[in-house]
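>>> I would like the atomic coordinates for the input below:
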Amino acid sequence: MNSIHRTKRHLLPLALTWSHTGVTHRVTAWSEVQFERLYGNEWIPISPSADVLASASQTFGRADWQPYLEFVPADVREFLSGFSFLRMEALQVVARCPALLPTLGATPAMTAFVAAHVSLRGTPAPCWAEIAAVHERRGVFGLLEWLGLPASRQTVAILQNLASPDVARRFLEPLRTLLWEPQTIFALQKAPAITDRLLEQFCYAFAA
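Numbers count the residues shown, from 1 in each chain. Coordinates of the predicted model:
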């Protein structure tokens, strides 16, 4: 007699919960996407730090994300599925600035810069409303300029040629500086694909 295997379906949207330095955090389901921290028995909304988001990335694999993504719109789910280590950061960006999705879908590596805008610009708090306004007025080139990157087609082409959209935090500021150097732009444009190893070489040379 053949056994019948039934696939379990999640009937309600799920939150993703993880621990960072012994404190429980969670992100609620789409479309609310509220980041929260557990204080006693109460969930308190927070603006998660880069370290908190990194802990989430280390906790969740693709199988852990699957139930959450079942309740995310198809275009957002497709975008998020392109990320591995930075998927939680990408979720925060498109949840806070949904109008950026077409731009970031065309140039996914820009997501890492947008997610890290607090440290890159030295702002005291996230600037999601400002990001949305800049993008609405001036599109991708306005967003590049706001992030401190050269507002040029060459920058877009180089970012599109990154082998992975999961650009490590340690590369962001050096790469932003290097993209203002004509020699670096020329060298990166010649690369068939810009891998982490290549970025490491450029950033090491820059630091030296």
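>>> For the rest of this, base every contact and every neighbour count on C-alpha atoms.
OK.
>>> For stretch 128-145, list every residue counted as buried.
Of the residues in stretch 128-145, W128, I131, A132, V134, H135, V140, F141, G142, L143, L144 count as buried by neighbour count, 16 or more other CA atoms under 10 Å.
>>> from the middle of its chain, how far away would that stretch be?
Offset of stretch 128-145 from its chain centre (CA atoms, centre = their mean, to the nearest Å): 16 Å.
>>> Then stretch 152-165?
Computed by CA atoms, centre = their mean, the chain-centroid distance of stretch 152-165 equals 15 Å.
>>> Can you name the residues in contact with it?
Defining contact as CA atoms under 8 Å, 6 or more residues apart in numbering, one finds that stretch 152-165 is touched by 82-83, 106-112, 141, 149, 179, 185, 188-189, 192-196.
>>> Now, those that are in helices?
Per DSSP state H, helices hold the following members of the contacts of stretch 152-165: A106, M110, T111, A112, F141, I185, L188, Q189, D196.
>>> what are the C-alpha coordinates of whichever strand or helix holds V118, in CSV please?
Assigning secondary structure by DSSP states H and E places V118 in helix 117-121. Provided in CSV are the C-alpha atoms of helix 117-121 (Å, rounded to 0.1, in the frame of the first residue of the first chain):
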residue,chain,number,x,y,z
HIS,A,117,23.4,54.2,4.0
VAL,A,118,23.6,55.1,7.7
SER,A,119,27.2,54.2,8.0
LEU,A,120,28.2,55.3,4.5
ARG,A,121,26.7,58.8,4.9
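>>> tell me which residues of it are tucked away?
Buried residues in helix 117-121 (16+ other CA under 10 Å): H117, V118.
>>> and what of stretch 19-32?
So for stretch 19-32, counting by 16+ other CA under 10 Å, buried means H25, R26, V27, T28, A29, W30.
>>> got the CA coordinates for it in PDB?
Written as PDB, here are the backbone C-alpha positions of stretch 19-32 (Å, rounded to 0.1, in the frame of the first residue of the first chain):
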ATOM      1  CA  SER A  19      18.800  35.700  18.500                       C
ATOM      2  CA  HIS A  20      21.500  38.300  18.500                       C
ATOM      3  CA  THR A  21      23.800  38.500  21.600                       C
ATOM      4  CA  GLY A  22      21.300  36.500  23.600                       C
ATOM      5  CA  VAL A  23      18.400  38.900  22.700                       C
ATOM      6  CA  THR A  24      15.400  37.700  20.600                       C
ATOM      7  CA  HIS A  25      14.500  39.600  17.500                       C
ATOM      8  CA  ARG A  26      12.000  39.100  14.700                       C
ATOM      9  CA  VAL A  27      10.700  40.600  11.500                       C
ATOM     10  CA  THR A  28       7.000  40.400  11.000                       C
ATOM     11  CA  ALA A  29       5.300  39.300   7.800                       C
ATOM     12  CA  TRP A  30       4.800  41.200   4.600                       C
ATOM     13  CA  SER A  31       3.600  43.800   4.100                       C
ATOM     14  CA  GLU A  32       4.000  45.300   7.600                       C
END
